[in-house]
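Engineer: Here's my sequence, what's the structure:
(2 chains)
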There are 2 protein chains.
Amino acid sequence: MGEFELIARHFTRKSRRALLGVGDDCALLQPRPGTQLAVSSDMLVAGRHFFEDVDPHSLGHKALAVNLSDLAACGARPLAFTLALALPSVDDAWLSRFSAGLLALADAHDCELIGGDTTRGPLNICITVLGETEGGALLRSGAQVGDEVYVSGHLGDAHLALRALRGELHLPEPMLSWARQRLERPEPRVALGLALRGVASAAIDVSDGLIGDLGHVLKASRVGATLHTDALKARLGLAQHELWHGAGLEGLDAVLAGGDDYELAFTAAPEARAAVEEASARSATAVHRIGRIERQPGLRLLDPQGRSVGHHLRAFDHFA
Amino acid sequence: MGEFELIARHFTRKSRRALLGVGDDCALLQPRPGTQLAVSSDMLVAGRHFFEDVDPHSLGHKALAVNLSDLAACGARPLAFTLALALPSVDDAWLSRFSAGLLALADAHDCELIGGDTTRGPLNICITVLGETEGGALLRSGAQVGDEVYVSGHLGDAHLALRALRGELHLPEPMLSWARQRLERPEPRVALGLALRGVASAAIDVSDGLIGDLGHVLKASRVGATLHTDALKARLGLAQHELWHGAGLEGLDAVLAGGDDYELAFTAAPEARAAVEEASARSATAVHRIGRIERQPGLRLLDPQGRSVGHHLRAFDHFA
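Structural biologist: This next block holds a predicted model:
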C-alpha cells in the first residue's frame, strides 16, 4: 500500500465544514464572522507519550484528545484538525484501528480531519487542532487575587496506571482497568471549557501535573495560590482510594505531579460560585474548589492542620 | 535546560499579527473578514527528509519552506505557523542555529510562529502553516482541456545534490554547492502563487517529482497531458547542464521524478499567456511552458521527433 492509498483508505472522508478537506496542497476553512481562531499542536512520540504496543484505537483517541483538551482550556469550540503521522511500516490493521479511534472522537466533537502528512519514520503523531472562540478565550493570565481555584473531575489515576504498567506498583482489578481507561482514553473537557466562558477568570488543562500547570497560570497572572490537601483528597481518582492511607503523601504525589489527567484547572471570582456550578451542571462535569489565589507568589499546599506539605513535588518536564 | 526555558530562549518572540502567540494552551488569530483560511502540515524525519548532520540553519529554513510551498501552490498569503519538535537531546548551539534559519524565512514571508510543542524523541519536525486566501484558492482540480502546462524555475538540481551526497554520483564544484543550496534551502514560490490567483486554472508544488505531482493535478481535474522533452530540457537545473548529454534520459530522470524542487507546476488557458508572463515578472520568478492538457487521461512525454519516452519514471512515494 502506497502513501496515497493509505491516506485514501484510512483518513479521507467527505468534507463537511471545510471548503476543502484532505487531498489538495492546503485545506480551506471559512471562519465565521466575529470569531477568533484558536490553534494548538501536540506531538506524541512512541515510548515517551505511549507504550509502543498500546491499542491503536486508544492511541488514535488520545492523540486527538490531548489537542482537544487545549481547545477546552481556552473555551474554544473544535472545528478541524490536521494529522501528521510517521510510521515505521504500513500495518493496515493497526491503521484501521488507529483511524477508527481518532475519527470516533473527532465525530463526537464535530471536529473534522482536513489534511496532514504521512511519512516513514519512528512512530510519531503530530496533530494541530483548530477551534473558534467568540468574545474572548479563557487565558492563563486572568487569575485575580481572591479568586478561587477549581479543578474538574479526578486527578492521578492516569499516573497510577502508568506506574502499574511500568511494574512500579501493583494495582488490582477493576482499579487497573479504570486507571488505564483514564490514561489511554482521556475525555477532553470541551463542554466544560465552553460553559466556563465569561465565568472563569483563567484556565489551563492539566497535562503535566496540577502543580506545574497551575504554576503556569500563577506565573502568567503574576499571583500565587494556596491549595488545601483535604480538598485535593476529594479529587483523588477512584483507583487511588484503594491506595490512599489517611494523610500520607503517596496519593497526593499522583494528584499533584502525576500528569496525563487532561482535566481543567481554572480560577473564578467568589461571586461566580453559582455560575461555576451551573457551568458544571450544564456540561455534566464535576468541578471542585481546591484553594485560593493570593498576592504572594508561588504555590503553597496546606494540610487540615495548616502545615505546609508537598514541597518536594514538581511538574513533569520532557527535558529536565 | 528544561522544556519551558528551551521554548522561551529559542522560539518565543513578541506577537505581531496573532492576538495571542506562544505560551498559552492555544494561540489566537483574528481572520480578516472575507478571507478563507488555508492550512497545511508537513512532517520532516531525520534520515528520511534530511541528513542527520545537515546544517541546522538550513534545516530550520527547509522545514518551514516546504510548508510555505504548499501555501504558494494554493495562492495563499502566509499568516502563521506552529512548530512541533522532537529532539533526541537538548543541544543549545544546534537549537540556536535551527531557530535562526526557521525564523529568518518566517520573517521574510511575514509568517509568525504562534505555538507548538517540544518533546524528547527521534528528531522530527512537524510544522502546520496557516495562510489566507481571498476570492478563491488555486486548486489541483481546475485544469481544463486545452490549457497549457507551466513549471517555475528549474528542476532536478535538488535530486542531483541528494545523489551526490549519497555518493551515487560525482558533482564537481561549484555545481555541488549550487545543487546543495537547492536541496537544503529551497525558496518557496509564494510570490508567484499569489500573482497566479485568477490567472492559473490549477496549481501544485513539485515536491515528489514533476511526474507524480502533475499526475495529482491531472487526476483531480480528470484530464491528461502531453509534455515535451525539449521544453523540459530548458528546465534543467544549472548543475545538470554539466551532466546532460544530448537526448539522454539521465537528466530527465531528475527533472521528472527527482523531487524536492519546491517549484510550482500550474496550468492556464492559452488566452492567459500574457497574464502568466506578467505574474512571472511581478513575482520575479521564471516560468516556462512545458506541455498541454488533453482529454486523454494520463501523462505522455514526447521527444522532438514525437517519440514517446520516459515511461519508466514514477513519483516518489514514502511507503512504496
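Engineer: Which residues does residue A:227 form beta bridges with?
Structural biologist: For residue A:227, the beta-bridge partners are residue A:291, residue A:301 (DSSP bridges).
Engineer: which bits of the stretch 151-300 of chain A sit near chain B?
Structural biologist: Counting by Cβ under 8 Å from any Cβ of the partner chain, the residues of the stretch 151-300 of chain A close to chain B are A:203-205, A:220. (C-beta placed from N, C-alpha, C; glycine too.)
Engineer: hang on, isn't residue A:258 packed against residue A:211?
Structural biologist: No - taking contacts as Cβ atoms under 8 Å, residue A:258 lies outside contact range of residue A:211: 9.8 Å.
Engineer: Give me the more crowded residue out of those two.
Structural biologist: Just comparing residue A:258 and residue A:211: by other Cβ atoms under 10 Å in any protein chain shown the higher neighbour count belongs to residue A:258, 30 against 20.
Engineer: quick one: contacts for the more buried one?
Structural biologist: By Cβ atoms under 8 Å, 6 or more residues apart in numbering or on different chains, the contact set of residue A:258 is A:155-156, A:158-160, A:162, A:209.
Engineer: could I get those as a markdown table with pLDDT and secondary structure?
Structural biologist: Output for the contacts of residue A:258, formatted as a markdown table (pLDDT from 0 to 100; DSSP: H, G, I helix; E, B strand; the rest coil):
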| residue | pLDDT | secondary structure |
| --- | --- | --- |
| A:155 | 86 | strand |
| A:156 | 84 | coil |
| A:158 | 88 | helix |
| A:159 | 87 | helix |
| A:160 | 85 | helix |
| A:162 | 87 | helix |
| A:209 | 87 | coil |
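Engineer: which stretches of the stretch 51-200 of chain A form helices?
Structural biologist: A:56-74, A:92-108, A:157-165, A:175-184, A:190-195 (DSSP state H, counting those that start in this stretch).
Engineer: What is the helix or strand just after the shortest one packed up against?
Structural biologist: This points to helix A:190-195. Under the assignment DSSP states H and E, the closest C-terminal helix or strand after helix A:190-195 is strand A:202-206. Applying 3 or more Cβ pairs under 8 Å, 6 or more residues apart in numbering or on different chains; DSSP states H and E, we find strand A:202-206 packed against helix A:56-74, helix A:210-221, strand A:263-268.
Engineer: Show me where the stretch 1-150 of chain A dips below the pLDDT cut-off.
Structural biologist: The stretch 1-150 of chain A contains residues with pLDDT under 70 at A:1, A:4.
Engineer: Apply 80 and report the result again.
Structural biologist: Scanning the stretch 1-150 of chain A for pLDDT under 80 picks out A:1-19, A:21-25, A:135-136.
Engineer: Now for the residue nearest to residue A:68 when sequence neighbours are not counted: which residues touch it?
Structural biologist: In this structure, residue A:68 finds its nearest non-sequential neighbour in residue A:188, 3.7 Å apart by Cβ to Cβ, 6 or more residues apart in numbering or on different chains. Listed by Cβ under 8 Å, 6+ apart, the contact set of residue A:188 reads A:65-66, A:68-69, A:71-72, A:109, A:205, A:262.
Engineer: what about the closest residue to residue A:209 other than its chain neighbours, how many neighbours?
Structural biologist: Leaving out its chain neighbours, the residue that sits closest to residue A:209 by Cβ to Cβ, 6+ apart is residue A:257, at 3.9 Å. As a burial measure, residue A:257 scores 21 neighbours (other Cβ under 10 Å).
Engineer: Now do the phi/psi pair for residue A:257.
Structural biologist: Phi and psi for residue A:257, reported as degrees, to the nearest 10, are phi -130, psi 10.
Engineer: if I look at the residue nearest to residue A:68, how far off is chain B?
Structural biologist: 11 Å (Cβ to the nearest Cβ, to the nearest Å).
Engineer: cool, and residue A:137?
Structural biologist: Per Cβ to the nearest Cβ, residue A:137 is found 6 Å from chain B.
Engineer: is it true that that residue touches residue A:40?
Structural biologist: No - using Cβ under 8 Å, residue A:137 is not in contact with residue A:40, being 11.3 Å away.
Engineer: Looking at these two, which is more packed in?
Structural biologist: Taking other Cβ under 10 Å, residue A:137 and residue A:40 do not tie; residue A:40 has more neighbours (30 against 26).
Engineer: The more buried one should be in a helix, yeah?
Structural biologist: No - using DSSP: H, G, I helix; E, B strand; the rest coil, the secondary structure at residue A:40 is strand, not a helix.
Engineer: who touches it in this structure?
Structural biologist: Residues in contact with residue A:40, defined by Cβ under 8 Å, 6+ apart, are A:67, A:70-71, A:74, A:128-129, B:25-27, B:82, B:115.
Engineer: how about 6 Å then?
Structural biologist: A:67, A:70, A:129, B:26 (Cβ atoms under 6 Å, 6 or more residues apart in numbering or on different chains).
Engineer: between those residues, which is nearest residue B:288?
Structural biologist: residue A:129 (40.2 Å; Cβ to Cβ).
Engineer: residue closest to the middle of chain A?
Structural biologist: With distances taken as Cα atoms, centre = their mean, the residue of chain A nearest its centroid is residue A:262 (2.7 Å).
Engineer: what separates it from chain B, distance-wise?
Structural biologist: Counting by Cβ to the nearest Cβ, the separation of residue A:262 from chain B is 11 Å.
Engineer: Would you confirm that that residue contacts residue A:186?
Structural biologist: Yes - at 3.9 Å, residue A:262 counts as touching residue A:186 under the criterion of Cβ atoms under 6 Å.
Engineer: Show the contacting residues for the residue nearest to residue A:81 when sequence neighbours are not counted.
Structural biologist: For residue A:81, ignoring the flanking residues on the chain, the nearest one in space by Cβ to Cβ, 6+ apart is residue A:129 at 4.4 Å. Applying Cβ under 6 Å, 6+ apart, we find residue A:129 in contact with A:40, A:67, A:71, A:81.
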